[in-house]
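K.L.:
Sequence first, predicted model second:
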Amino acid sequence: MRRYLAIILTCLLVYGSPIGSYAEGNQEHFQLGDDLLLSNYHDLIDGKNIGLVTNQTGVNSQGKSMIDNLSGYPNTTLKALFAPEHGLDGNAKAGDYVESYRDAKLNIPVYSLYGDTRMPTEEMMSGIDVILFDIQDIGARSYTYISTLNYCMIAAEKYKKQVVVLDRPNPLGGQLVDGPVLEDPYKSFVGIDNLPMAHGMTIGELAQFFNRKIGADLKVVPMKGYSRNMMFSDTGLAWVQTSPYIPTIEAAIDYMATGLGEGTGIVQSEYFKWIGGKGIDSKKYADLLNQANLAGVQFTPEDREEGGGVKLTILDSRTFNPVRTGIYALAIAHQLNHFEVPVSQDGKITMFDKIMGTGKIGEMFIQDLSPADIENSYQASVAQFKNDRQPYLLYGNETGSVAQTQDLGKTTGIKKATIDGGIFRKEKSYVPFKSVFSQLGYKVSWDTMNHLIKASKGIWTVVIDPNATPMNVTVNGQLMGSEIDPFLRDGITYVPAFFVTYLEHSSTVERGEAIRIITEEQQIDVNYQTEKEPPKKVDTNGKIVYLTFDDGPSSITSELLDVLKENGVKATFFLVGRNINGREDIVQREVEEGHAIGNHTYSHDYNSIYRNENAFFADLDRGAKEIEEITGKTPTIMRFPGGSNNTVSKRAQETSGWIMKDLVQDVSDRGYHYFDWNVSTGDAETNSYSAESAIENVKKGVGDASKKEVIILAHDASPKRNTVRALPDIIQFLKDAGYSFETLDETTPTIAFLK
């Protein structure tokens, strides 16, 4: 089973001093709850057994993890660790299943709260006196760390444990409160309580707010020197990546501005710096957004493969309102391309409505109401929330004594430089290592004896090993995680731009075709070009086979996966949405073991889906949402039930014409790549087929094995056990014939009956 915490990365992010450590300078004025626990509030934990809920963000102002602090504190016993979504190291992707395991160094369990359960069980809580919570939030209702806090409090109340929350700042400050307030029918793990989209509360204040309904034995260790008008930059802290798509404070600020369009086709990119979709005129979109006079932000038109869109430049992070921007960005996008709004029905709540916390916003988009009308619709509930939250606030609005640090994009009076040669690649900005680090004052050299690249300045020693595959990076002898992924091109070593923020008290700002790195003393603009990935091509000197299974998940899926795993083979599963309910863990396993997931509609009911185009796409979209809720990704590949040239659909159609030609065109227009097959096991024709006949059908279909590309159709359904029995022999035959096994994706050359 997959394990998300590599041993060395654990040492770096959990036990050692993380590279994303906190800056010094304001610590005499500002302290975290984490800083104060052992000095001022140790009586809350002395003599007690502790269960610590934390991740890579749980570090104090000196960069030391609470895990280290507790394990070295003699007056208490650290009994267990609890990890939220993304795992203890924060590297698991959104929606990825996270395993529980035992920590080898501390010899204590690490319980996943994003695996088999999202709430601590009685067994997990056994022997624990106090649940200690130390995680950095980003200030958005839909970010799941606050849901984990809520669930831990419920479990603590149920099993009579005390909860202690170590308070941390809200990155957006305590004064931004905006967005639709969640309604009870729309509660979910991405919306755990009746909060607006931006709640303006610290994690400790949220705990007190949650407790109005829970009644747990709760204590909050407050911060020192914090006030509501402080943003993250005012604390003197450097940002620690909270999750893979929030590597920087800029990403946290932009999160709600571009990430609200679940299921609409309006998507974000570049860590929430870009928003757009198919059918949008980028220039018109930018003009309309700029004309809306949204404070603190400027929009630049930029086309991408996802479609037309705009890139955000934050001019003033204090006046910028990401929620308002997000609502306007979606409403104006709908005016331009009339995207289909996901609608909750039959008791099934769409992810779009879960994120919005209500179905009313989607209804207003459908009615093409103006952004201002939509914004006005929830102002009364926001005002009510502000009143409701008042008893639970810990901090006032007085100006804090900390120094005001430089705002994003404001760089007057500092040394400036421009460097060419950056690359935008795979949703990340990369900068030339030697040029940038030399500019920052590092001594960069080549170790000819060991063939290593070295850079040193002050307390930091960075070593890049270009001989490793992939190239690895160590800082002060400790191996960095997979997010720091350098590469070599034309003799130049490139590193992610946000790696600089790990080492320097700095920030990054995207500015058109450049990324601006801002430190206290310097502004470095790195001009870059966007790298376009070449489409995947079939090796003309080799042979590739794609095993595909339709109609699952089912009672035989686990057996199919066992056979594939035993033979070291990956396959593509085209899922029927209605079959996922109750088998979510099987879909998770498919993803974890490296198989591809495609859409095979929700119902697979010919009489329903082939009545007309609207019926087909409504069913297809519903299937996509089922997959997305498990995998965290919208599927981009699909297969028509019956294949693209099926004739059985004619009986179901309301019109006299055959709509398949229109459908194959329209699925492409909607961003799907559809696949048929050129070899079949024959298991679709009857349930009385044999394993032997399935093997023979594959052998006949492959013929003399001269086909360079083979897509094999098989089925994942309860009556198809002979397919399971035949699979080992089919795999062995194909291996003997010289085929390599791959999974389908949007870059695979399409085999289609109808084009």
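P.N.:
Received it, and whenever you're ready, just let me know what you need. As the structure is a computational prediction, the values presented were derived from the model and not from experiment.

K.L.:
okay, CA-based contacts and neighbour counts for the rest of this
P.N.:
Noted.

K.L.:
Skipping its backbone neighbours, what lies nearest the residue nearest the centre of the chain in space?
P.N.:
Central residue of the chain (CA atoms, centre = their mean): A94, 3.4 Å from the mean position. Spatial nearest neighbour of A94, chain neighbours left out: G632 (5.9 Å); criterion: CA to CA, 6 or more residues apart in numbering.

K.L.:
in stretch 356-365, what's buried?
P.N.:
For stretch 356-365, burial by neighbour count (16 or more other CA atoms under 10 Å) applies to M356, G357, T358, G359, I361, G362, M364, F365.

K.L.:
re the thing from before, state the distance from the residue nearest to A94 to I597.
P.N.:
Using CA to CA, to the nearest Å, G632 is found at 12 Å from I597.

K.L.:
Compare neighbour counts for the two and give me the winner.
P.N.:
Using other CA atoms under 10 Å as the criterion, G632 and I597 rank with I597 on top: 27 against 14.

K.L.:
I'd like the distance between the more buried one and R578.
P.N.:
Where R578 is concerned, I597 sits at a distance of 15 Å (CA to CA).

K.L.:
try E340
P.N.:
21 Å.

K.L.:
With I253 instead?
P.N.:
Computed as CA to CA, the I253 to R578 distance reads 37 Å.

K.L.:
Give me the more crowded residue out of these two.
P.N.:
Using other CA under 10 Å, the more surrounded residue of I253 and R578 is I253, with 24 against 17.

K.L.:
distance of that one from R228?
P.N.:
16 Å.

K.L.:
swap in P342?
P.N.:
For P342 relative to R228 (CA to CA), the value is 36 Å.

K.L.:
In terms of secondary structure, what does the helix ranked longest in the chain contact?
P.N.:
Criterion DSSP state H: the longest helix present in the chain is helix 613-631. Contact partners of helix 613-631 among helices and strands, from 3 or more CA pairs under 8 Å, 6 or more residues apart in numbering; DSSP states H and E: helix 584-592, strand 596-599, helix 606-609.

K.L.:
if I look at the closest residue to G215 other than its chain neighbours, how far off is A83?
P.N.:
Distances taken as CA to CA, 6+ apart place E157 nearest to G215, at 6.8 Å, with adjacent residues excluded. As defined by CA to CA, E157 lies at a distance of 19 Å from A83.

K.L.:
Between those two, which is the more surrounded one?
P.N.:
A83 (27 against 18).

K.L.:
Quickly list what that one is bridged to.
P.N.:
For A83, the beta-bridge partners are S112 (DSSP bridges).

K.L.:
again, but for K311
P.N.:
W274, T300.

K.L.:
per-residue confidence for it?
P.N.:
On pLDDT, K311 comes in at 97.

K.L.:
who touches G738 in this structure?
P.N.:
G542, K543 (CA atoms under 8 Å, 6 or more residues apart in numbering).

K.L.:
One more pass at 10 Å, please.
P.N.:
G542, K543, I544, V545, A705, S706, Q732 (CA atoms under 10 Å, 6 or more residues apart in numbering).

K.L.:
Would you agree the fourth one falls within a helix?
P.N.:
No: counting by DSSP: H, G, I helix; E, B strand; the rest coil, V545 is located in no helix; its state is strand.

K.L.:
what's around it, how many residues?
P.N.:
Neighbour number of V545 under other CA under 10 Å is 24.

K.L.:
so it touches V710, yeah?
P.N.:
Yes: V545 lies in contact with V710 (CA atoms under 10 Å); the separation is 4.6 Å.

K.L.:
Show me whatever sits in contact with both of these two.
P.N.:
V679, V702, Y739, F741.

K.L.:
Nearest to E122 among these?
P.N.:
F741 (44.1 Å; CA to CA).

K.L.:
Now do the contacts for the closest one.
P.N.:
543-547, 568-571, 710, 731, 734-735.

K.L.:
If any of those residues are buried, give me the ChimeraX selection for them.
P.N.:
Selecting only the buried members of these in ChimeraX, with burial defined as 16+ other CA under 10 Å, works like this:
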select :543,544,545,546,547,569,570,571,710,731,734
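
K.L.:
can you name the two of the contacts of F741 that are farthest apart?
P.N.:
Longest span within those, CA to CA: G568 and V710, 18.2 Å.

K.L.:
returning to what we had before: from the chain's centroid, how far away is the next helix-or-strand element following the longest helix of the chain?
P.N.:
Later in the chain than helix 613-631, the nearest helix or strand by DSSP states H and E is strand 637-638. Once both centres are worked out by CA atoms, centre = their mean, to the nearest Å, strand 637-638 turns out to sit 21 Å from its chain's centre.

K.L.:
And the contacts of strand 637-638?
P.N.:
Taking CA under 10 Å, 6+ apart as the rule, strand 637-638 contacts 572-575, 596-601, 620, 624, 667-668, 671-676, 744-748.

K.L.:
Measure how far whichever helix or strand comes after that strand is from the centre of its chain, please.
P.N.:
Going down the chain from strand 637-638, the next helix or strand is helix 660-669, by DSSP H and E. Relative to its chain's centre, helix 660-669 lies at 30 Å (CA atoms, centre = their mean).

K.L.:
what packs against the helix or strand just after helix 660-669?
P.N.:
Moving toward the C-terminus from helix 660-669, the next helix or strand (DSSP H and E) is strand 673-674. If contacts are counted by 3 or more CA pairs under 10 Å, 6 or more residues apart in numbering; DSSP states H and E, strand 673-674 sits against strand 596-599, strand 637-638, helix 660-669.
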